[in-house]
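1. Below: sequence and its predicted model.
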Amino acid sequence: MRRVYGIGETVCDIIFRGDQPVAAVPGGSVFNGLITLGRLGIHGGFISEIGGDRMGDYVSRFLQENGISPDYLSRYDGTKTAISLAYLDENNDAQYSFYKDYINVRIDFEMPPVQENDIVMFGSFYAINPVLRPKVMEFLKYAKAHGAILYYDLNFRQNHAAEKEKFMETIHENFRMADIVRGSIDDFRVLYGMTDPKAIYNEKVKEFCRRFICTCGANGVCLFDGDMERCYQSERITPVSTVGAGDNFNAGIVFGLMKYELTGKDISSLTSVQWDSLVRCGIDLGTEACRNIANYVSPEFAEKYLSAE
């Protein structure tokens with residue numbers, strides 16, 4: 001059975017509306033997508049760091065309860081699990097502040113049993129952090145050598161904008177490693193000062209990775225695959241929170257690859273009909289994540305979504 005593996009940060013997301021906290025849930029970009037996939041019956045493992053505290057206990061248990069193995073977590077006794085403060089604005093879009101207690105510690109884990117056509121999700125600052133980079137890159141090379149499909153979510157935040165030049169080479173290396181690159185229009189505005197998805201693809205992504213998805217919030221999704229260009233409308237809703245929108249869009253693409261039994265060999269020749277089906281899954285799950293305050297789809301939604309297939 002194919003599995004999904006992720007490598008990324010683990011945080012406790014404390015979500016604020018105005019000055020008042022309204023929720024506290026385990027989070028992290030790749031983490032969120034994996035929880036949704038686990039609830040949809042796609043199992044795997046998560047590589048990350050947690051503190052030796054009560055939240056670390058909860059994160060490990062939460063992964064296990066949702067079908068994702070916590071065996072690849074690096075746990076540091078005497079430290080606290082990272083915290084993210086997510087402040088929702090009037091449109092329920094979030095601005096973030098991060099607090100970490102083990103910023104200079106390197107992750108150390110046993111390589112999971114990645115097999116051909118498994119899927120690996122990676123991204124955010126975790127994938128370019130110089131402290132973590134050697135081990136992250138070791139894992140990505142290992143996964144690629146074992147025939148995994150690599151899915152990269154750029155997720156480049158404004159708080160790293162002043163440092164973007166020093167990370168550019170690493171980001172492009174990630175593009176080159178990936179079979180599919182996904183980023184939001186806000187990511188590319190921060191990174192390149194560009195907001196035209198086609199120009200971003202042709203000038204910044206295509207030379208490294210042929211398959212590119214640009215999510216544009218309420219303005220939809222743009223897909224590029226060589227000479228293929230497709231545009232999709234977003235579903236019009238009033239969001240409760242957009243914290244997990246992109247993460248769950250990623251989960252939808254991965255879910256679609258599993259559902260339609262698309263392998264690494266298929267990736268190089270996906271048809272427009274196949275891409276339409278994949279992006280539909282991404283929009284479905286990303287939209288649903290915006291309808292609740294948690295960072296992932298609910299078990300109830302997952303059950304209904306699977307029964308409707």
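-> Everything's here; your move. Residues are numbered from 1 along each chain as shown.
2. so for stretch 288-308, what's the average pLDDT?
-> Stretch 288-308 carries an average pLDDT of 94.
3. What segments of this structure are strands?
-> All strands of the chain, identified by DSSP state E, fall at 4-7, 11-17, 20-27, 44-51, 68-69, 73-76, 83-88, 94-99, 119-123, 149-153, 180-184, 211-215, 221-225, 228-232.
4. could I get those strands as TSV with distance to Asn174, mean pLDDT and mean neighbour count?
-> (C-beta placed from N, C-alpha, C; glycine too.) Shown next, in TSV, are these (distance: least, CB to CB, whole Å; pLDDT from 0 to 100; neighbours: other CB atoms under 10 Å):
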stretch	distance to Asn174	mean pLDDT	mean neighbour count
strand 4-7	12	98	27
strand 11-17	21	88	21
strand 20-27	21	88	16
strand 44-51	16	95	25
strand 68-69	22	98	22
strand 73-76	21	90	18
strand 83-88	22	86	19
strand 94-99	20	78	14
strand 119-123	7	98	27
strand 149-153	5	98	25
strand 180-184	8	98	24
strand 211-215	13	98	25
strand 221-225	17	98	22
strand 228-232	22	98	14
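5. Please name the residues that touch Ala127.
-> Neighbour list for Ala127: Ile7, Gly8, Val136, Tyr152, Thr170, Asn174 [criterion: CB atoms under 8 Å, 6 or more residues apart in numbering].
6. of the strands of the chain, which approaches Glu165 most closely?
-> Closest to Glu165 of the strands of the chain is strand 180-184 (CB to CB; 17.6 Å).
7. which residues are contacting that closest one?
-> With CB under 8 Å, 6+ apart, strand 180-184 has contacts from 149-156, 175, 200, 205, 208-209, 211-217, 246, 249-250, 253, 267.
8. Check the offset of that strand from the chain's centre.
-> Mean-position distance between strand 180-184 and its chain equals 9 Å (CA atoms, centre = their mean, to the nearest Å).
9. Please export the C-alpha coordinates of that strand as CSV.
-> Extracted in CSV, the C-alpha atoms of strand 180-184 (Å, rounded to 0.1, in the frame of the first residue of the first chain):
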residue,chain,number,x,y,z
ILE,A,180,5.4,19.2,-8.3
VAL,A,181,5.9,22.7,-7.0
ARG,A,182,3.1,24.6,-5.4
GLY,A,183,3.1,28.2,-4.1
SER,A,184,0.6,30.9,-3.3
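10. Which of the strands of the chain sits closest to Pro239?
-> Closest among the strands of the chain, once you apply CB to CB, is strand 83-88, at 9.2 Å.
11. I figured Gly33 was touching Asp247, is that so?
-> Yes. Gly33 lies in contact with Asp247 (CB atoms under 8 Å); the separation is 4.6 Å.
12. More neighbours: which of those two?
-> Each of Gly33 and Asp247 has its neighbours counted (other CB atoms under 10 Å); Gly33 has more, 32 against 29.
13. where does the closest residue to the more buried one other than its chain neighbours land on pLDDT?
-> Once flanking residues are discounted, Gly33 sits nearest to Ala251: 3.9 Å by CB to CB, 6 or more residues apart in numbering. pLDDT for Ala251: 98.
14. Quick check, Ala251 in contact with Phe31.
-> No. Counting by CB under 8 Å, Ala251 does not reach Phe31; the two are 10.8 Å apart.
15. the more surrounded of the two?
-> Using other CB under 10 Å as the criterion, Ala251 and Phe31 rank with Ala251 on top: 33 against 26.
16. Next, the contact list for the more buried one, please.
-> Contacts for Ala251 were tallied using CB under 8 Å, 6+ apart; they are Asn32, Gly33, Leu34, Thr36, Leu37, Leu40, Gly282, Leu285, Tyr296.
17. rerun at 6 Å
-> Contacts for Ala251 (CB atoms under 6 Å, 6 or more residues apart in numbering) come out as Gly33, Thr36, Leu37, Leu285.
18. Could you do Asp247 as well?
-> Counted by CB under 6 Å, 6+ apart, Asp247 has contacts Ser29, Asn32, Gly33.
19. Distance check, it against Gly44.
-> Asp247 sits at a distance of 15 Å from Gly44 (criterion: CB to CB, to the nearest Å).
20. all helices of the stretch 51-200 of the chain, in order?
-> Taking DSSP state H, counting those that start in this stretch as the criterion, the stretch 51-200 of the chain contains helices spanning 54-65, 133-145, 164-177, 185-192, 197-200.
21. any chance of these in a markdown table, plus distance to Phe98, mean neighbour count and mean pLDDT?
-> Formatted as a markdown table, those follow (distance: least, CB to CB, whole Å; neighbours: other CB atoms under 10 Å; pLDDT from 0 to 100):
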| stretch | distance to Phe98 | mean neighbour count | mean pLDDT |
| --- | --- | --- | --- |
| helix 54-65 | 14 | 17 | 95 |
| helix 133-145 | 18 | 16 | 96 |
| helix 164-177 | 16 | 16 | 97 |
| helix 185-192 | 16 | 18 | 96 |
| helix 197-200 | 26 | 18 | 98 |
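22. Thank you, goodbye.
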